[in-house]
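Need a 3D model of the following:
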Amino acid sequence: MRAIDPLATFSTDRFLAAQSAGFPGSLGLTTIGRGSIARGVEMKTSSVARVISVVCTGLYAGIIFGDRMGDSFARPALSAADFVVFQQIQHVHFKPLLVPITFAAVLGGLFWVWSLRSSPRGAQFWFAATGTVAMLSAAVVTRVVNFPINDALMTWSATAPPSNIREPWAPWEHVHSVRAALSVCAFVLQVLALNAKQSS
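Predicted structure coming up:
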């Protein structure tokens, strides 16, 4: 017959009783355990946010910068009718893609910066924060300037385009250059943040 260790039984009983009674020692162990779990969840969520932010910012920058360095030079050479057809086709395909990418890039960046709030003097924090601000700025100017012009574009007819079509479109191209620069800067800054050390 196996002998029972009275000391082990006593210690276990004391520990269980302390937990039931809510003694400070047991509460401390519970609090530490919960704190560790919370930190682990936050670290994993922060890692996901970093990936989402960098990937989506990179996609946005690639699309906008690519259009700026390619199509922006071709658009002035198109006739008014061809311009309307070309841009309407682009808009129909780009809008469903760019809107969720923009939201993911901004929200991911904001959560990433929030997760670094304990080390606001670190290089990682400032690279991530500056990159997120640049991406947010690109999203804001797009919403304020490009979206209304895109909405107007979709009402134009290729068979009877506006006679002064370049005039209402000009602000779109100007802001397009601005958001291309902002998004590329945002992507570069976030890549630097990934490689920067988080100071305490």
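
quick one: contacts for Leu153?
Residues touching Leu153, when contacts are defined by C-beta atoms under 8 Å, 6 or more residues apart in numbering, comprise Val84, Gln87, Gln88, His91, Trp169. Every C-beta, even on glycine, is put in place using the N, C-alpha and C of the backbone.

mind listing what's buried in stretch 106-117?
Val106, Gly108, Gly109, Leu110, Phe111, Trp112, Val113, Ser115, Leu116 (16 or more other C-beta atoms under 10 Å).

now the fourth one: how far from Ala49?
To tie it back to what came earlier, the one meant is Leu110. Between Leu110 and Ala49 the distance, using C-beta to C-beta, to the nearest Å, works out to 8 Å.

Can you tell me the SS state at Phe86?
Three-state secondary structure (criterion: DSSP: H, G, I helix; E, B strand; the rest coil) places Phe86 in helix.

And for the one 3 residues further on?
When the structure is reduced to helix, strand and coil (three-state DSSP), Ile89 reads as helix.

Please work out how many residues are found near it.
Other residues near Ile89 come to 10 when the count uses other C-beta atoms under 10 Å.

what do you get for Ala105?
Ala105: 30 surrounding residues under other C-beta under 10 Å.

Report whether the expected contact of Phe83 with Pro168 is present.
No. Here Phe83 lies out of contact with Pro168, judged by C-beta atoms under 8 Å, at a distance of 11.7 Å.

between the two, who's got more neighbours?
Looking at Phe83 and Pro168 with other C-beta under 10 Å, you find the greater number of neighbours at Phe83, namely 21 against 14.
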